[in-house]
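In: Sequence plus the predicted model coming up.
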Amino acid sequence: MGETITTLNTLELLAIPALPLIAALAAGLFGWALKETLTHWITCLAVIAAAALSIDIFVQVLDGASFYGNFWTWMLSDGFIVPIGMMIDPLTAIMMITVTIVSACVHIYTIGYMHGDPGYSRFFSYISAFTFSMLVLVMGNNFFTLFFGWEAVGLFSYLLIGFWFKREPANYAALKAFIVNRVGDFGFLIGVLATWYYFGTVDYHQVFAAVSSFVLEGHTLNFLGWEMDAITFICLALFIGAMGKSGQVPLHVWLPDSMEGPTPISALIHAATMVTAGVFMVARLSPMFEFSETALAAVTLVGALTAWMCATIGLVQNDIKRVIAYSTCSQLGYMFVACGVSAYSAGIFHLMTHAYFKSLLFLAAGSVIHAVLAEQDIRKMGQLRKYMPITYVTMLIAALALSGIPPFAGFWSKDLIIEAAMVRDMGWVSDVAYYALLSGVVMTAFYTFRMFFLTFHNTDRVPAETKAHVHESPKVITVPLMILAIGAFGSGMWGVYALDITNPEVINGFFGNALFVMDAHNPLMELEHEPHHAFYLSMPFWMAIGGIGLAFVFYFKESAMPAKLASTFSGVHAFLLNKWYWDELYEKIFLRPAQCLGTFFWQKADLAIIDKGMIHGGIVDSVLAGAAKLRRMQTGMVYHYAYGMVIGVFGLLTWLMLKA
Amino acid sequence: MANVTFPFPYPQHLELMLPEIIIAIMAMVLLIWDLFLGKDKKGWIAYAAIATCVATAFATIQVTTGGALTTFYGYFVLDPFASFSKLLMLLATVFAVILSLDYMKDEENVGEYYCLILFALLGMMLMVSANNFVTMYLGLELMALSVYVLVGYQRDVLRSSEAALKYFILGALSSGMLLYGITFLYGVTASFGFDAIGAGLVNANNSAHGVVMLGMVFVLAGLVFKVSIAPFHMWTPDTYEGAPTPVTAFISVAPKVAGFVVFMRVLHDALPAVQADYTMILVVLAALTIVVGNVAAIAQRNIKRMLAYSTIGHVGFVLMGLIAANEAGYAGSLVYLTVYLFMNMGVFAIIVLMRRDGIQGELLDDFAGLSKVRPGYALAMGLLLFSLAGIPFLAGFWAKYVVFMAAIETGHLYLALLAIVFSVVGCFYYLRVIKYMYFDDVRIEFNFIESIPMKMTVVVTALAVTAIGLYPDPVMAICKQALVGLI
């Protein structure tokens, strides 16, 4: 076990995940006895306190404090030690403030959004428990706390997507999320176990310290006839987990469907925190990924493909939440590209800014949906800015941030990623990534403002009966929007100017040695050496302007254009509208065969062999017959009982005699 | 304590018997006090009995040392092994008395009832401190005679008397077998002491082998009767059903503890020379017991009868620890008995609580819809039943785990497999009760006994199985320590 190294208060650290957990238990177990008011006070205060403590920790970490140590042993079995401990460094700290601040905003927002819902306390219990799990995920110091957090956030994601369990699509979406994540998690578990198998420990420090010599020793393994480095195998397996959790192609199909859950969930789990766990994991394990060119290439390619593909799908979606959901997939792709090209700090930076503007986008969308009586189709909105000024302004900030317009947050992080992809030389891989991301920027700006214009400008298409109801949301909803708007506006500049987050130096940089990048390929270092150019010289900026301009033309000037385009390129339009037919593809190659196999086992194995063969006329019948027989033997006659005893004694004696 | 001297030639170190002496004196004092108490004040006897048990428990802890000490001219041994089992039996007695408070309130001569429980306890305490067949038999008969009367305490209830009579007749038969077996062992070794017999059998002439076998089988037959091992179990269902429910609870736990402790001493001290032979026999008996107990329980509609068969199934599992015959095995059996005490007492407490005016709530159907009427009881009952079924992470799981592991490690893999298969069968009848409680509608309205001590019993037992289930280490460590004196 590693030595405990600490300059932080252990109790304070423990309190951060403990507070939401206690609140979740209180709301979950005693919610029936608590009033709505008490439920949300308990959970909101706990999460706000956790956020305050996280900020305090963050400030201390900025001053160079850190923590590494184990608290107790969870499992100990024959050399297999699973400790529970924490590792606090700049990477953890920035994740902690992001998670807790967004979570606190979402908690407050939920008070207004879920008011009057029969599952009010259940909802609060789940989101607090989710916050706890996410904190465990980021704060842990070994692969198993990571895995625990990983699975726990998955569980609460499932429970919350299916929160309205009386709605059939919600149940299907929850199942889909869970099953697709199983696929990813299986890879992840293999990665964790392979790490343990090769390194003999699950502790981050010990594994990281051993990686370089491990690679030098040249371990290889044969996987399905493919000879590969052990480290590549481990990283790829872990990355499959990240693909599942972070909605990367081809495991992205669950994320858009997860929008069936209540909107606060979409903001907290499916935009800001849980889905970014994959990015966090790759960054956290950068000392391992750095040693595998193949794995880095895979991360880059998958990220680039997702960023581009999901952006194309986002162009034509009409459900306000789905547009944002595809945008989330796409932006996660950006983050993975950042990790893949070894610009981890850019990836984490984008993770943070994205958390603010994307959760803001979702919460603002929720505010809109709330106002138009649960309508999510942007074709039935329009001109809403007149009714909802605060929502309008905050959403505009978020949209500008997402599109990458300076000085809003998204610009700083996204621009950095794209430049890093340009600088980094990985052969065709980085070229593909660069162009995919660049063209993604146009599309991002376009679909964001398409959604924005259709919702708040354009013609008023709100049905008359809804119109009477449309109004600005109450304070509990607008205040979190405003708080997040501060983040969506300023977190980019804060990161660049206050934290110097992009500084790649180990000594002076913000991340210090929390992230590991090989000197041989460090795109951010190369960027440092280049002269900084003004934003109007940056390619992505003009791309974004172009995208917004296009949206402006389409939805302000030439309103007939979109329909005309759609009919001209009806094939492409249908292809995009149907999300590249991924669902149909999966149905053909996975669902149908699985269903056939299931039916086979049900009919042939379960009904025919087990039910017919074994239960009726088999084991169960014979047990029942035996029971009945034994019951009859219990005649109630005392001489029968005595007879049984005597027979017993003589039976045993005879047996012994015969044996002798 | 240790320096008490007697002015005339009494046995040395009689203070080691302090717990037994307290019980004996108090039982007789209470018997006389009972005569002077009004009919509505008989409850005092019960509370005095509980106080006696508590005091005795303290005395037991006080007189226990780390090793084995003897008194009464070497006929009485006090070691941690005996003391631990005494504490278990005292706890079981306290639970049984609490269960009786309301149940037996309207019976005649209820004061005597509590004195009989104390006498039975005294007998059991003597049994577990016996290091020879004479003391053992003395304790055994004191216990048995008291229990016969307790079982038939409701004289005007036909099935109660019937149960007592059956138990008495069969008990007499088993005592006869036991004594018969002892005479053979005495004949070969000229000794009653366990250790002396053990040494004598090792040196015994080969020609005496047949006689030794004869003695062994009869002694085993007498012993297994007390712990209801098949085919000597047939008294159990009838007796459990007929006896007043608190007595059923009492005899389903305390005499089992005493019986198994004596059993362990006899096997380990007196019969090591014939270990191969007795192991062979016990494996067959354990297998038979596990099968009979778990299968027959399925056919029962009366929960007391069902629990009788469940007890039979469980003693089969406990016996596996004795078959392993090593530290892990014996400790496992003790763990099992400890856990079993809480599980069974809790379940019986709930059955007692279900008693309606004049009718016991003891049919399985009576549990229908309990979760809607009394969710707390249903939850406690659910936990206890899950524990009995051996579902992790409740205490019953660990109890099974330790004895199964012990059996497997000593090469009794097939017995362990059989036990595992039949504990799955056993799940059926435990889960059936849970199904009644949670998924069926209420059929009969109950007047539950409202009594604080009873509710406490339910809460304590349910918490105990949960706590031990979540954190079994302390219990396992204590049970391992308690083996000092045996091993």
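Out: It's in.
In: When you work out contacts or count neighbours from here on, use the C-alpha atoms and nothing else.
Out: Noted.
In: all strands of chain B, in order?
Out: B:69-71, B:76-78 (DSSP state E).
In: Return the most buried member of these.
Out: Mean neighbour count (mean count of other CA atoms under 10 Å in any protein chain shown) peaks for strand B:76-78 among the strands of chain B, with a mean of 23.
In: Mind listing what's buried along the strand or helix carrying residue A:489?
Out: Element membership of residue A:489 [criterion: DSSP states H and E] is helix A:475-493. Across helix A:475-493, burial judged by 16 or more other CA atoms under 10 Å in any protein chain shown covers A:476-493.
In: And stretch A:80-90, by the same measure?
Out: Across stretch A:80-90, burial judged by 16+ other CA under 10 Å covers A:81, A:82, A:83, A:84, A:85, A:86, A:87, A:88, A:89, A:90.
In: Could you single out the nearest of those residues to residue A:43?
Out: residue A:86 (23.5 Å; CA to CA).
In: Off-centre distance for the helix or strand harbouring residue A:631?
Out: Secondary structure from DSSP H and E places residue A:631 in helix A:619-633. Its chain's average C-alpha position is 54 Å from that of helix A:619-633, according to CA atoms, centre = their mean, to the nearest Å.
In: Check the residue lying closest to residue B:181 once chain neighbours are set aside and give its pLDDT.
Out: Closest residue to residue B:181 apart from its sequence neighbours, by CA to CA, 6 or more residues apart in numbering or on different chains: residue B:215 at 4.0 Å. We have a pLDDT of 93 for residue B:215.
In: Repeat that for the one 5 residues further on.
Out: The predicted structure scores residue B:220 at 94 on the pLDDT scale.
In: measure it to chain A for me?
Out: 9 Å (CA to the nearest CA, to the nearest Å).
In: wouldn't that residue be in contact with residue B:178 here?
Out: Yes: counting by CA atoms under 8 Å, residue B:178 is a contact partner of residue B:220 at 7.4 Å.
In: Which one of the two is surrounded by more residues?
Out: More neighbours surround residue B:178 than the other of residue B:220 and residue B:178, with 24 against 21 (other CA atoms under 10 Å in any protein chain shown).
In: Contact partners for that one?
Out: With contact taken as CA atoms under 8 Å, 6 or more residues apart in numbering or on different chains, residue B:178 is in contact with B:218, B:219, B:220, B:221, B:222, B:223.
In: can you tell which of the strands of chain B is closest to chain A?
Out: Nearest to chain A, of all these, is strand B:76-78, at 30.0 Å by CA to the nearest CA.
In: Pretty sure the residue nearest to residue B:181 sits against residue B:185.
Out: Yes: counting by CA under 8 Å, residue B:215 does reach residue B:185; the two are 5.5 Å apart.
In: Need the overlap of contacts for the two.
Out: Counting by CA under 8 Å, 6+ apart, nothing touches both residue B:215 and residue B:185.
In: ok so, going back, residue contacts, the residue nearest to residue B:181?
Out: By CA under 8 Å, 6+ apart, the contact list for residue B:215 reads B:180, B:181, B:182, B:183, B:184, B:185.
In: residues in chain B within reach of chain A, list them.
Out: Residues of chain B lying near chain A by CA under 8 Å from any CA of the partner chain: B:166, B:169-170, B:173, B:210, B:213-214, B:217-218, B:221, B:231-232, B:234-235, B:238, B:277, B:281, B:292, B:295-299.
In: Quick one: buried ones out of those?
Out: Among the residues of chain B next to chain A, those buried by neighbour count (16+ other CA under 10 Å) are B:166, B:169-170, B:173, B:213-214, B:217-218, B:221, B:231-232, B:234-235, B:238, B:277, B:281, B:292, B:295-299.
In: Mind checking which of those residues land in helices?
Out: B:166, B:169-170, B:173, B:213-214, B:217-218, B:221, B:235, B:238, B:277, B:281, B:292, B:295-298 (DSSP state H).
In: Ends of stretch A:469-483, what's the gap?
Out: Distance across stretch A:469-483, first residue to last, is 26 Å (CA to CA, to the nearest Å).
In: Equivalent analysis for stretch B:225-244, please.
Out: For stretch B:225-244, the end-to-end distance is 21 Å (CA to CA).
In: Could you pull out the buried residues of that stretch?
Out: Within stretch B:225-244, the residues that count as buried by 16+ other CA under 10 Å are B:225-244.
In: residue contacts, residue B:135?
Out: Counting by CA under 8 Å, 6+ apart, residue B:135 touches B:75, B:76, B:126, B:127.
In: Kindly report the same for residue A:403.
Out: Residue A:403 sits in contact with A:410, A:411, A:441, A:444, A:445, A:448, A:544, where contact means CA under 8 Å, 6+ apart.
In: Check the secondary structure at the second one for me.
Out: Put plainly, it is residue A:411. Recorded secondary structure, residue A:411: helix (DSSP: H, G, I helix; E, B strand; the rest coil).
In: Tell me how far it lies from chain B.
Out: Distance from residue A:411 to chain B, by CA to the nearest CA: 52 Å.
In: Measure how buried that residue is and give me the count.
Out: 25.
In: nearest residue to it other than its sequence neighbours?
Out: Excluding its sequence neighbours, the residue lying closest to residue A:411 (CA to CA, 6+ apart) is residue A:404, at 3.8 Å.
In: residues touching the one you found, list them.
Out: With contacts defined as CA under 8 Å, 6+ apart, residue A:404 is in contact with A:410, A:411, A:412, A:414, A:415, A:441, A:445, A:540, A:541, A:544.
In: what's the most distant pair in those residues?
Out: Spatial extent of these (CA to CA) is set by the pair A:412 and A:445 at 15.1 Å.
In: Could you give the backbone dihedrals for the closest residue to residue A:377 other than its chain neighbours?
Out: Nearest non-adjacent residue to residue A:377, counting by CA to CA, 6+ apart: residue A:319, 4.6 Å away. Torsion angles at residue A:319 (phi, psi; degrees, to the nearest 10) stand at phi -80, psi 120.
In: Same question for residue B:129.
Out: Per-residue torsions, residue B:129: phi -100, psi 10 (degrees, to the nearest 10).
In: Report the contact partners of it.
Out: Residue B:129 is in contact with B:76, B:77, B:78, B:79, B:82, B:136, counting by CA under 8 Å, 6+ apart.
In: how near is it to chain A?
Out: Using CA to the nearest CA, residue B:129 is found at 27 Å from chain A.
In: Show the low-confidence segments of the chain, by residue range.
Out: All of this is about chain A. Scanning chain A for pLDDT under 70 picks out A:1-4, A:506-508, A:530-537.
In: Oops, wrong one, chain B.
Out: Chain B contains residues with pLDDT under 70 at B:1-10, B:356-361.
In: returning to what we had before: for the helix holding residue A:489, which outside residues touch it?
Out: Residues from elsewhere that reach helix A:475-493 (CA under 8 Å, 6+ apart): A:102, A:105-106, A:108-113, A:352-354, A:356-357, A:359-360, A:363-364, A:367, A:390-391, A:394, A:397-398, A:401, A:407-413.
In: Pick out the residue of chain B closest to chain A.
Out: For chain B, CA to the nearest CA, closest residue to chain A: residue B:296, 4.5 Å.
In: so that residue touches residue A:633, yeah?
Out: No: Residue B:296 sits out of contact with residue A:633 when judged by CA under 8 Å, with a separation of 10.1 Å.
In: next structured bit after the helix or strand harbouring residue A:550?
Out: Assigned by DSSP H and E, residue A:550 belongs to helix A:539-552. Per DSSP H and E, the first helix or strand lying C-terminal to helix A:539-552 is helix A:561-568.
In: Put the alpha carbons of that next one into CSV.
Out: The C-alpha coordinates for helix A:561-568 follow below in CSV (Å, rounded to 0.1, in the frame of the first residue of the first chain):
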residue,chain,number,x,y,z
MET,A,561,-34.1,27.3,-48.5
PRO,A,562,-34.1,24.6,-45.9
ALA,A,563,-37.1,22.8,-47.3
LYS,A,564,-35.8,23.2,-50.8
LEU,A,565,-32.4,21.7,-49.8
ALA,A,566,-34.1,18.9,-48.0
SER,A,567,-36.2,17.9,-51.1
THR,A,568,-33.2,18.3,-53.5
